[in-house]
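>>> Below: sequence and its predicted model.
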Amino acid sequence: MLMRSKLFVPASRPELFDKALNSAADALSFDLEDAVAPGQKSQARALLAKFLRGLPATRKSIVVRVNAFGTAEFNADIEALAGAVVDIINLPMAEDADAVLQAIARIEMLETSSRRVGVLLNVETPKGLRNAAELASSHPRVMGLQIGYADLLEPCGIIRSDRDALAHIRLAVRFAAAEAGIAAYDGAFAAVKDTDGYRAECLAARNHGFAGKSCIHPSQIAIANETFMPDAAEIAWARKVVAAAAGADARGIGAYLVDGHMIDKPFVERARAVVSLADTISTEATP
């Protein structure tokens, strides 16, 4: 699933729905949780459900961040979204695998014969970070882990700009996701006008193997799309490695040189992933 950029859209702001749909974001994340004031949740829920039930065909992934499992708001969110166009439910404050399983049992009511609903888990508490691998492998519907920096860092007094802290968190989440064979997505960057800072975080996340990053403003979309897309040289190299691997396999050779670089199984797997991503992006870009 292509989610280089995932644009947050408050469910209480229906005037933004069509604008978001017409944006260049790979995915839209309609938010029923933190972006909606407690007194507006019922109205926001109804507005979003109506919009998603009438949603025209789109290549964008439709994500809905619901309220935390165990709250009355979670149950109301799931009931309202039944029959709506939803690709992924984003569960905030994921900490315990058993709770995830219980939440998924409720989420399954959203599924139709033609649409399978995935689950994106937010890692945004110390316990969630500690249990990230368990969360990632808790159920086949879990398609990704996403970092929630504000909820994770602010209560602990950890400075948001501390690169060592961010690297530690990203690597922990990425390895947990990798163990389960799913994707990891980087969290939001609140300083909307600091495009250099946002780009730097996108690049760091990509270097740590992340598949995309949240956008809280449309100005961040192009940066995420560009950063999480392999460049021409990387794609060319990957295609060369894949081609060489096919020849080596036919000759029964396990390790070989490509332009002076030793290549074996892990390098081939990475090259195939790059080629697959490049082909997916090319297909998505075709009208």
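Everything's here; your move.

>>> what residues are up against the residue lying closest to Ala180 once chain neighbours are set aside?
Leaving aside its sequence neighbours, Ala180 sits nearest to Ala136 (Cβ to Cβ, 6 or more residues apart in numbering; 3.7 Å). The C-beta positions use only the backbone N, C-alpha and C, and glycine is treated the same way. Counting by Cβ atoms under 8 Å, 6 or more residues apart in numbering, Ala136 touches Leu121, Val142, Leu145, Ala176, Ala177, Glu179, Ala180, Ile182.

>>> Which pair of those residues spans the longest distance?
Maximum pairwise distance among these (Cβ to Cβ): 13.9 Å, between Leu121 and Glu179.

>>> which one of these two has more residues nearby?
Shown here are Leu121 and Glu179; by other Cβ atoms under 10 Å, Leu121 has more neighbours (29 against 13).

>>> Paired strands for the one helix or strand that one maps to, with orientation please.
According to DSSP states H and E, Leu121 maps onto strand 118-123. When pairs are called by DSSP bridges, strand 118-123 turns out to pair with strand 88-91 (parallel), strand 142-147 (parallel).

>>> With distance to Ala80, mean pLDDT and mean neighbour count as new columns, can these be given to me in JSON lines?
Below are the strands paired with strand 118-123 laid out as JSON lines (distance: least, Cβ to Cβ, whole Å; pLDDT from 0 to 100; neighbours: other Cβ atoms under 10 Å):
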{"stretch": "strand 88-91", "distance to Ala80": "12", "mean pLDDT": "97", "mean neighbour count": "24"}
{"stretch": "strand 142-147", "distance to Ala80": "22", "mean pLDDT": "98", "mean neighbour count": "26"}
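
>>> Dump those to JSON lines, plus distance to Glu234.
Output for the strands paired with strand 118-123, formatted as JSON lines (distance: least, Cβ to Cβ, whole Å):
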{"stretch": "strand 88-91", "distance to Glu234": "27"}
{"stretch": "strand 142-147", "distance to Glu234": "22"}
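
>>> wait, which of these is closest to Val64?
Comparing the strands paired with strand 118-123 by Cβ to Cβ, strand 88-91 comes nearest, at 5.9 Å.

>>> Next, the residues that contact the closest one from outside, please.
Under Cβ under 8 Å, 6+ apart, the answer for strand 88-91 is 27, 29, 61-66, 68-69, 78, 81, 100, 103, 107, 110, 117-122, 143, 146.

>>> which residues touch the residue nearest the centre of the chain?
For the chain, Tyr185 is the residue whose C-alpha lies nearest the centre (Cα atoms, centre = their mean; 4.2 Å). Residues in contact with Tyr185, defined by Cβ under 8 Å, 6+ apart, are Met3, Lys6, Leu120, Gly144, Leu145, Gln146, Ile147, Phe210, Ala211, Gly212, Lys213, Ser214.

>>> hang on, isn't the second one packed against Ala25?
Yep, that's Lys6 we're talking about. Yes: between Lys6 and Ala25 there is a contact under Cβ atoms under 8 Å: 6.6 Å.
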